[in-house]
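> build me a structure from this.
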Amino acid sequence: MLEVDESNGKWDSGLKHKERLFVLHYCTDDLTFLNATASYKSVYKDRDKVTGKVTERSDDVCAAAASRLLSKDYIKVAVSKLLTETQADLDEKNGYKLLRDLMLLASYNPAEIIDKRGRLKVKSIEELGEYAKCISQIEVTPNGVKVTLADRAKYIQMFLKYLNLIRPEVLVAEQLKVVAMVEKDNSIEAWNSRAGGLIESDAGTQ
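Residues are numbered from 1 along each chain as shown. Below is the predicted model of the structure:
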């Protein structure tokens, strides 16, 4: 969850302990953000009075209970206030994620995604993890699979513009010299040419 300034106690005024936790999960937790069912399930659990064993409630039960909770006016007010208070932090986190994506698209290694024949190195795109963001298009055609990678040159330029905004003393020309220090066969033009064409292979293997 995000760190929240609770010194004034305004957003959680009048909330019970578990209601407060529910609102925190719903408004600030990465895994349960704006997911009422998951937020409720994370907070409200059943404990056996004899064994002390804790069990989770079913999704259906949690969904119905969360809906009733969110329909209460004081919960709506708490959610609205907390989202307003944390908006700046959320914007900062989202901006950081976008910057990380930009860095990835500008510096990814095509060899992590496709083989020498331009085919995907994995059977499922999910197996690529973060590198899946570097694929701009995949098409299955009668002749095979067409894989198009993101144009690193474009994202390199975008990243250099960002660097010049926060480090104006650094010259783009000098940065480009460093970026250009790659083997000719591994240039973005060569890789995009390979990945952009139709691959003469069985599409069913992808």
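
> from Glu56, how far out is the residue with the largest distance to the centre of the chain?
Centroid-distance maximum for the chain: Val50 at 42.2 Å, with C-alpha atoms, centre = their mean. To Glu56, Val50 is 18 Å away according to C-beta to C-beta, to the nearest Å. For the C-beta atoms, the positions are set from N, CA and C on the backbone; glycine is no exception.

> same deal with Val140?
As judged by C-beta to C-beta, Val140 and Glu56 stand 40 Å apart.

> same thing with Arg152?
Distance from Arg152 to Glu56, by C-beta to C-beta: 45 Å.

> okay, those two: which has more neighbours?
Arg152 (23 against 12; other C-beta atoms under 10 Å).

> quick one, phi/psi of that one?
Main-chain dihedrals, Arg152, degrees, to the nearest 10: phi -60, psi -30.

> if I look at it, how far off is Tyr108?
7 Å.

> Val23 now?
According to C-beta to C-beta, Val23 and Tyr108 sit 39 Å apart.

> surely Thr148 is within a strand?
Yes - counting by DSSP: H, G, I helix; E, B strand; the rest coil, Thr148 is located in a strand.

> so between Val23 and Tyr108, which is more surrounded?
Between Val23 and Tyr108, counting by other C-beta under 10 Å, Val23 is the more crowded of the two (25 against 20).

> number of residues surrounding the residue lying closest to the more buried one once chain neighbours are set aside?
Nearest residue to Val23, sequence neighbours excluded (C-beta to C-beta, 6 or more residues apart in numbering): Ala78, at 4.9 Å. Neighbour count for Ala78, taken as other C-beta under 10 Å: 24.

> thought Ala78 was touching Lys16?
No - contact criterion C-beta atoms under 8 Å: Ala78 and Lys16 do not qualify, at 11.0 Å.

> for the longest helix along the chain, what is the average pLDDT?
Using DSSP state H to define each element, the chain has its longest helix at helix 73-107. The pLDDT scores in helix 73-107 average 84.

> then stretch 132-152?
On average, stretch 132-152 scores 83.

> mind listing what's buried in it?
With burial defined by 16 or more other C-beta atoms under 10 Å, the residues of stretch 132-152 counted as buried are Cys134, Ile135, Gly144, Val145, Lys146, Val147, Leu149, Ala150, Asp151, Arg152.

> any idea how far the second one is from Met103?
By that I understand Ile135. For Ile135, the distance to Met103 - C-beta to C-beta - is 17 Å.

> got it, and the fourth one?
Between Val145 and Met103 the distance is 28 Å, computed by C-beta to C-beta.

> and for the fifth one?
Counting by C-beta to C-beta, the separation of Lys146 from Met103 is 27 Å.

> would you map out the domains in the protein?
17-96, 108-205 (automatic domain parsing).

> all helices of the chain, in order?
Counting by DSSP H, residue ranges of the helices within the chain are 17-28, 36-43, 59-70, 73-107, 152-166, 172-179, 188-196.
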